[in-house]
Every structure is written in structure tokens, then in C-alpha cells.
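Asker: Got a sequence here, can you build the structure:
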Amino acid sequence: MIKTKKIPQRKCIACQTRGDKKGLIRIVKNKEGQIFLDPSGKANGRGAYVCATKECLEKAIKTKALNRAFRVDVEDDVYSHLIEELEKYENEDENE
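Answerer: Presented below is the predicted three-dimensional model:
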């Protein structure tokens, strides 16, 4: 009998859909209070998952889902930086 490997499931904080961990992007808040995208999914800190689309990230910003996930008020410049990072990430995926 062959064991099948479990595929980790995570939930998008914006649209509430479940998906494979690799299909979502992790946003991390580390001990220093920095908030950034973690495409590898391995950075230290508290993480929240968002679908790899700009629409879901914008919805998370609009509904203040990141504020609830990280239990802190996230500033507007952090949001704009996250959107820029996601756009770079999306462009890299399209070029591959």
C-alpha cells in the first residue's frame, strides 16, 4: 500500500477560499514588525495567506483582514509596498 503525501491546505484571508499552500502567497510579520511577501513560505514570523492575485490583496486591504491577522494597524505605505511586490511576483511568473 502506497502512502499519498498530504498537500497542505491554507485559506485566503480575503476571499475565504481554501487552496494548496503553493497556490497562495504568504504575507509575514516578523519580530521586528516588518510586513512583507514571502513567496517561499518559509520566513520566520506570523503568516497570513492570500491568493496570488492583485484583486485578493486589494480586498484584504479594503476589509482590513491583514490588521486582524497580524493584530496590529498596518500603515498605508506597507500596503502599497505589498502591492508592488505582488506585481513583481506576477510579472516573474508570466515571464517564466
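
Asker: Just grab the bridge partners of Arg18 for me.
Answerer: Beta-bridge pairing for Arg18 (DSSP bridges): Lys11.

Asker: quick one: pLDDT of it?
Answerer: As predicted, Arg18 sits at a pLDDT of 94.

Asker: gap between stretch 82-96 and the chain center?
Answerer: 13 Å (Cα atoms, centre = their mean, to the nearest Å).

Asker: Over to stretch 61-81?
Answerer: 12 Å.

Asker: quick one, what contacts Ile63?
Answerer: Slight slip there: residue 63 is Thr, not Ile. Thr63 makes contacts with Ala14, as judged by Cβ atoms under 8 Å, 6 or more residues apart in numbering. For the C-beta atoms, the positions are set from N, CA and C on the backbone; glycine is no exception.

Asker: Buried residues in the helix or strand of the chain with the lowest mean pLDDT, which are they?
Answerer: Least confident helix or strand of the chain, by mean pLDDT, DSSP states H and E, is helix 76-95 with a mean of 83. For helix 76-95, burial by neighbour count (16 or more other Cβ atoms under 10 Å) applies to 78-79, 82, 85-86.

Asker: try stretch 25-37
Answerer: Within stretch 25-37, the residues that count as buried by 16+ other Cβ under 10 Å are 25-29, 35, 37.

Asker: Can you convert those residues into CSV and add a column each for distance to Lys64, secondary structure and pLDDT?
Answerer: What follows is the buried residues of stretch 25-37, written out as CSV (distance: Cβ to Cβ, whole Å; DSSP: H, G, I helix; E, B strand; the rest coil; pLDDT from 0 to 100):
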residue, distance to Lys64, secondary structure, pLDDT
Ile25, 18, strand, 92
Arg26, 19, strand, 93
Ile27, 13, strand, 94
Val28, 18, strand, 95
Lys29, 14, strand, 94
Ile35, 13, strand, 92
Leu37, 18, strand, 92
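
Asker: Nothing else from me, thank you.
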